[in-house]
Structures are given as structure tokens and as C-alpha cells.
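In: Sequence first, predicted model second:
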Amino acid sequence: MEDVVTVVSAAEKAGYQWFSCPEHVCIPTPVASTRGGRYWDPLATLSFVAARTSTIGLLTHVLVLGYHHPLEVVKSYGSLDEASGGRVILGVGVGTLRPEFELLGVPYTDRGARADDALRAIRASFGNRHPRYDGPYYAFDDVVVDPCGLPRHVEMWVGGRTRRSLRRALEIGDGWIPFGMTLAELRTLLDDEDLSRRRAQRERFEVILAPEPPVDPVGEPGPCAETVGAYVAAGATGLHVRFVHRSKQHYMEQVSALSELVGAPE
């Protein structure tokens with residue numbers, strides 16, 4: 001964890017806007033061989049990082065909505081939001097790993113509809129000490145949630161890799177943060193006539209894209225700059241980057257090099 005703090009501190013100094021942490025509770029052994037088995041808990045990780053930094057945003061990428069009651073999210077991440085001075089960004093998703101849902105004993109087949117309701121419940125409750133909500137899956141009234149986050153519009157970015165995930169983001173969220181998609185696939189969705197019209201109607205909407213494969217600004221600055229330019233041209237308002245790296249020191253060099261090459265991304 002100290003290595004994480006070292007890297008995030010360097011990113012903060014270089015002007016990066018946020019640091020992210022994913023969520024998985026329990027990975028089935030056969031799946032771990034392809035997805036990996038170690039996932040730091042996002043609340044604990046972001047809290048630890050928050051205590052050692054001062055400005056960088058704290059992004060969940062992504063919090064699986066089906067694993068949590070909306071008020072649990074508000075209480076946990078609202079506490080972090082208040083403790084960190086308003087640095088929380090809620091990256092949220094529907095979730096795709098069915099065996100994990102089954103292990104946790106939570107519904108899978110209606111997870112999309114549940115996620116929509118959870119997003120609306122969180123929006124109604126974050127920063128609101130006396131939240132009220134009445135939806136198809138979640139309903140509450142006459143309760144106190146304190147801490148609940150600073151009285152502000154907390155950013156909620158919706159993850160996913162489908163047309164529905166982008167529609168969900170446009171309907172309920174503040175941005176879209178897809179994963180595992182090629183540039184061509186991203187362009188197809190972002191150029192969709194109906195979705196483009198919906199985006200144009202939003203005063204502000206973040207599109208956070210993840211360049212693939214990992215970039216190498218130290219070893220290949222030219223191709224790296226071209227890759228970044230291509231994703232920006234596709235519609236990115238921010239980038240969620242991974243680096244080619246051989247060591248912690250090399251990773252930190254990459255962080256600095258990308259900032260110098262194109263300006264600090266997220």
C-alpha cells in the first residue's frame with residue numbers, strides 16, 4: 001500500500017486529477033487466472049490515500065451497485081467525502097461477474113434495473129442528512145444518515161461497455177467511464193445519432209476513456225501522443241491511463257513523462 005501512496009503522491013504533484021480503485025469482493029479461483037485475484041477494498045484504499053494526499057480526486061472504478069444498499073454507499077463514501085474535503089467521485093457499475101453475485105447472495109438477473117434505482121436513490125441521498133426516496137427496489141423515509149457527504153453535487157460516472165451503459169450514464173449519471181473496448185467500438189457508440197443528441201443536451205457530461213494497450217510515454221513518446229490524440233478526437237474529456245512499466249520507479253517516470261508530453265490526464 002505504501003507503493004500505491006508513493007505513486008499517487010507523484011501523480012498529484014504532476015497534476016493528475018484523480019486516482020481510481022476497482023471493486024471485487026471474492027473472485028472464483030478459475031476466474032482469478034484471467035482477471036487477477038488481488039483487489040484492494042476501494043473504501044479502505046481511497047481512505048488511506050486521502051490521508052496522505054490533499055487534492056487528487058478519489059474515484060471508485062467501479063463500485064458494483066448490486067453489492068450495496070444505496071444508504072450504505074452514502075454513509076461510507078459520504079464519510080470519506082467529508083473527511084477528504086469533497087474529493088470523492090463515484091464510479092459505479094452494474095457488474096458482470098455472475099459467480100461473484102451468487103457467492104454474495106445478491107440478485108443477478110435484474111441487476112440493471114436495480115442499478116438504475118440505486119443510482120437515483122444515491123443521488124437523492126448524498127449530502128442529505130434526512131434522505132427520502134421511493135423507488136421500485138429501494139424506499140426509505142424518516143431516517144438520519146450522518147455523515148452523508150458534503151452538500152454538493154457528487155459526480156457519478158457510470159461504467160460499462162454497452163450502449164445501455166452509455167444511456168444509463170446520460171439518463172442518471174454525470175459521465176461514462178467504459179472499459180475493455182477498442183477505439184473503433186468506442187467511436188461507434190459515441191457517434192450514435194441518438195446518444196450524440198442526448199449528450200449535446202447535457203450542459204456537462206464527462207467521457208472518460210481508457211487507451212489500449214497501456215501507454216509508454218518514456219519509451220515511445222510519439223506513438224503515445226498519437227494514441228492520446230486519437231482518444232481525445234473520439235470524444236474523451238478525460239483519460240483513464242495504464243502504463244507499460246517494469247518497476248515502481250519506472251511507473252513513476254511514466255507518470256511524469258505523460259504529464260510533460262500531453263499535460264496531466266486523469
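Out: Received it, and whenever you're ready, just let me know what you need.
In: At which residues are the strands of the stretch 101-250 of the chain located?
Out: Counting by DSSP state E, counting those that start in this stretch, the stretch 101-250 of the chain has strands at residues 133-134, 139-140, 156-160, 175-178, 206-209, 238-239.
In: Any idea which of these gets closest to residue 224?
Out: Counting by C-beta to C-beta, residue 224 lies closest to strand 238-239 out of the strands of the stretch 101-250 of the chain; the figure is 11.2 Å. Using the backbone N, CA and C atoms, a C-beta is placed for each residue, glycine as well.
In: So residue 6 is in contact with residue 251, correct?
Out: No: contact criterion C-beta atoms under 8 Å: residue 6 and residue 251 do not qualify, at 9.5 Å.
In: So between the two, which is more surrounded?
Out: residue 251 (18 against 15; other C-beta atoms under 10 Å).
In: now that one: how far from residue 214?
Out: In this view, residue 251 and residue 214 are 11 Å apart by C-beta to C-beta, to the nearest Å.
In: Show me the common contact partners of the two, please.
Out: residue 243 (C-beta atoms under 8 Å, 6 or more residues apart in numbering).
In: Do I have it right that residue 234 meets residue 190?
Out: Yes: shown here, residue 234 and residue 190 form a contact pair, counting by C-beta under 8 Å, at 6.0 Å.
In: what residue ranges in the stretch 151-266 of the chain score low on pLDDT?
Out: 264-266 (pLDDT under 70).
In: do that again at 90, thanks
Out: Filtered on pLDDT under 90, the stretch 151-266 of the chain yields the residue ranges 262-266.
In: got the residue ranges for the helices in it?
Out: For the stretch 151-266 of the chain, the helices defined by DSSP state H, counting those that start in this stretch cover 163-172, 183-190, 193-200, 221-234, 248-262.
In: Tell me which of those approaches residue 42 most closely.
Out: Residue 42 lies closest to helix 163-172 among the helices of the stretch 151-266 of the chain, at 19.2 Å (C-beta to C-beta).
In: Just want the angle from the closest one to helix 193-200.
Out: 30 degrees (axes from the mean of the first three to the mean of the last three C-alpha atoms, to 10 degrees).
In: for helix 163-172, the distance to its chain's centre please.
Out: 14 Å (C-alpha atoms, centre = their mean, to the nearest Å).
In: And for stretch 127-137?
Out: So, by C-alpha atoms, centre = their mean, the centroid of stretch 127-137 is 23 Å from its chain's centroid.
In: Go through it and flag the buried ones.
Out: Neighbour-count burial for stretch 127-137 flags 127-128, 131, 133, 135, 137 (criterion: 16 or more other C-beta atoms under 10 Å).
In: Nearest to residue 69, out of those: which one, please.
Out: Closest to residue 69 out of these is residue 137 (10.0 Å), distances taken as C-beta to C-beta.
In: Before we move on, what's the pLDDT of that closest one?
Out: Residue 137 carries a pLDDT score of 99 in this model.
In: residues in contact with residue 91?
Out: So residue 91 contacts 20, 59-63, 156-159, 177 (C-beta under 8 Å, 6+ apart).
In: Output the longest strand belonging to the chain.
Out: Identified as the longest strand of the chain according to DSSP state E is strand 57-64.
In: Which parts of it count as buried, going by neighbours?
Out: 57-64.
In: what does stretch 180-192 give?
Out: 181, 186-187, 189-190.
In: quick revisit: and the buried residues of strand 57-64, which is closest to residue 169?
Out: residue 62 (11.4 Å).
In: Just give the number of residues close to residue 75.
Out: For residue 75, the count of nearby residues is 17 (other C-beta under 10 Å).
In: Distance check, it against residue 7.
Out: Distance, residue 75 to residue 7, using C-beta to C-beta: 29 Å.
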